[in-house]
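S.K.: Sequence and predicted model, in that order:
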Amino acid sequence: NMGVPANDVWYSFVASETEHIVEIEGQGAFNAVLQVFSGSCGGLTQLSCNNIQGLIESTWLSGLTIGQTYYIRIFSEGNNSSFQGSFMLTVREKCVSLSNPILSSNSPVCEGNTINLTNNDPLTSFSVSNSVTGAINDNTWLTRSLVVSGTGFNANQLSTAVFNSIHTYTADLDIYLTSPSGVTIELSTDNGVGSDNYTNTTFSTTGPSITTGTGPFTGTFTPEQPFSNFTGPADGLWVLRIFDDAGGDVGTFQNITLNFSGSPVLLWTGPNSFSSSANDPTISSATTAASGNYNLTVTYPNGCATTASTTVTVTASPNAGTLSGTQAICVNGTSTFTSNGDAGGSWTSSNTAVATVNSSSGVITGVGAGTATITYTVTGTGGCANATATRTVTVTTPPNAGTLSGTQAICVSGTTTFTSNGNTGGTWTTSNGAIATVNSSTGLVTGVAAGTATITYTVTGTGGCANATATRTVTVTTPPNAGTLS
């Protein structure tokens, strides 16, 4: 019963956002009138009233108070049983269906390298279609709905509407498009006298007016009313309405596609006052102070925002330092290398046939003559490579003084020569030059006075090796004296 409150249907909802869209889809012959009120019983204030020809009504409510109750009144446009029927009511939240960003990074990152932050590409365009064909009969409305969800776009970001229908007299057709907020624009009304069909007709923000075209209207045209007339969000129920306002010619609706385009606003924030509006920002030459949470806020054209965060760890580079320690040792001798870098590293030798090294203490032992490289390695973590420092060690064979030989008993002023079966080039010395002298290079011993002296052969050690010595005594005897005969 039209306009009689007692026979109407009432609903209430509590606002969870400052903006909501209320939609109703009538079934059968039920052509709804939709009203929304604030206040309380006995003191209601109308916020919206929608009665657009067709089975679907919607209204965009803004400036609502979160937590407040609002009332919906639904009744039929007609006032007899032929207008009765059922309906489906939907109250949509503007922001609830938006997906949060999906973030990633190349963490962990070694200091000095680049942090790469990544966001899944935000929605910049989308399309929605309805291809449910239907007969366009004389003096009858045909309605098709299209549901847009989870985009965050505004309705006036509709860029094109591509329409196809078959009709033997296009001037009979009135074509309207209604946004989720209930705003209706004329796409084309009574155009193309004497022509047929709409074939790949693209309604756009640029191009000649559709009123200048003729069937089949293939190409790009501006609608009779601009897309900029639309208000409110794009998410919700869009309705295409077609009316054949004359007799004699009929047709078939084929399909419509709505195309939207726009860009959300991105804002990254993070440690060290970092901020960026890029989708995938980078931070070069990162320091450990760049470790922490990075947050991305995506603000969509309709004012809704989503957020996400990702954690980045920047690891300090390992430091192997500078090595120190004696580099020249003898076979079987030892030396200890140390580092002024990070503790806990490991020691290795490039040639264990020359020198070995204790992996934890750095103690080096000479094995054979030659040179080996000793490496100290500190293992890198968190994306850092290992750090190494090197120092060479030279291992020398010890000198050999050998065993001395030669006559050990000589007379005063007599001589003997000592020799060695060890290394040549050594030096000869005497323990007592008053008893016996020795040539330092030849080993020639000369008796000076009665007594015993120790002769020493010394081969000088090199490369960390000590000197080598060998000794042999010599006894000097006073020659006999036969005197003078008389």
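M.R.: Thanks, I have the structure now. Residues are numbered from 1 along each chain as shown.
S.K.: Where in the protein is the helix or strand with the lowest mean pLDDT?
M.R.: strand 56-61 (a mean of 81; mean pLDDT, DSSP states H and E).
S.K.: In terms of secondary structure, what does that one contact?
M.R.: strand 20-26, strand 32-40, strand 43-50, strand 236-244 (3 or more CB pairs under 8 Å, 6 or more residues apart in numbering; DSSP states H and E). Placement of C-beta: from N, CA and C, glycine included.
S.K.: what is the orientation angle of whatever helix or strand comes next after it with strand 56-61?
M.R.: Remark: after strand 56-61, the chain's next helix or strand is strand 69-76, criterion DSSP states H and E. Interaxial angle, strand 69-76 versus strand 56-61 (axes from the mean of the first three to the mean of the last three CA atoms, to 10 degrees): 160 degrees.
S.K.: mind listing what's buried in strand 69-76?
M.R.: Across strand 69-76, burial judged by 16 or more other CB atoms under 10 Å covers 70-76.
S.K.: list the contacts for the most centrally placed residue in the chain?
M.R.: In the chain, the centroid-proximal residue (CA atoms, centre = their mean) is Ser105; its distance is 1.6 Å. By CB atoms under 8 Å, 6 or more residues apart in numbering, the residues touching Ser105 are 115-118, 294, 310, 312.
S.K.: tell me, how many neighbours does Ala278 end up with?
M.R.: Counted with other CB atoms under 10 Å, residues neighbouring Ala278 total 10.
S.K.: Quick check, it in contact with Val265.
M.R.: No: using CB atoms under 8 Å, Ala278 makes no contact with Val265, being 11.8 Å away.
S.K.: Do I have it right that Ile66 meets His20?
M.R.: No: the criterion here is CB under 8 Å, and Ile66 misses it with His20 at 10.4 Å.
S.K.: Which residue of these two possesses the greater neighbour count?
M.R.: Each of Ile66 and His20 has its neighbours counted (other CB under 10 Å); His20 has more, 20 against 9.
S.K.: Number of residues surrounding Val193?
M.R.: Val193, neighbours per other CB under 10 Å, totals 11.
S.K.: got the contact list for the residue lying closest to it once chain neighbours are set aside?
M.R.: Closest residue in space to Val193, ignoring its immediate chain neighbours: Ala171 at 4.5 Å, by CB to CB, 6 or more residues apart in numbering. The contact partners of Ala171, by CB under 8 Å, 6+ apart, come to 190-195, 246.
S.K.: pLDDT weak spots in the protein?
M.R.: Applying pLDDT under 70 to the chain flags residues 1-7, 28-29, 52-55, 78-84.
S.K.: in the sheet, who's paired with Gly134?
M.R.: Phe253 (DSSP bridges).
S.K.: May I have the residues that are in contact with it?
M.R.: Residues counted as contacts of Gly134 (CB under 8 Å, 6+ apart) are 142, 144, 252-253.
S.K.: any idea how far Gly26 lies from Gly402?
M.R.: 120 Å (CB to CB, to the nearest Å).
S.K.: out of these two, which sits in the busier spot?
M.R.: Between Gly26 and Gly402, counted using other CB under 10 Å, Gly26 has the larger neighbour count: 21 against 17.
S.K.: can you tell me how far that one sits from Thr231?
M.R.: In terms of CB to CB, Gly26 sits 24 Å off from Thr231.
S.K.: One more: Thr178?
M.R.: Applying CB to CB to Thr178 and Thr231 gives a distance of 12 Å.
S.K.: what about the two, which has more around it?
M.R.: Thr178 (24 against 15).
S.K.: who touches the more buried one in this structure?
M.R.: With CB under 8 Å, 6+ apart, Thr178 has these contacts: 52, 56, 58, 184, 238-241.
S.K.: May I ask which of those residues has the most neighbours?
M.R.: Ser58 (27 neighbours).
S.K.: rewinding a little: which of the contacts of Gly134 ranks first by neighbour count?
M.R.: Result: Phe253 is most packed of those (other CB under 10 Å), 25 neighbours.
S.K.: just to revisit the earlier point, buried subset of the contacts of Ser105?
M.R.: 115, 117-118, 294, 310, 312.
S.K.: Make a markdown table out of these and add distance to Phe153.
M.R.: Shown next, in a markdown table, are the buried ones among the contacts of Ser105 (distance: CB to CB, whole Å):
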| residue | distance to Phe153 |
| --- | --- |
| Ile115 | 31 |
| Leu117 | 25 |
| Thr118 | 24 |
| Tyr294 | 26 |
| Thr310 | 26 |
| Val312 | 31 |
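S.K.: just these now: which is nearest Thr375?
M.R.: Using CB to CB, Ile115 is the member of the buried ones among the contacts of Ser105 that lies nearest Thr375, at 30.8 Å.
S.K.: Surely that closest one and Ser107 touch.
M.R.: Yes: between Ile115 and Ser107 there is a contact under CB under 8 Å: 7.4 Å.
S.K.: what's the overlap in contacts for these two?
M.R.: The contact lists of Ile115 and Ser107 share Val312, where a contact means CB under 8 Å, 6+ apart.
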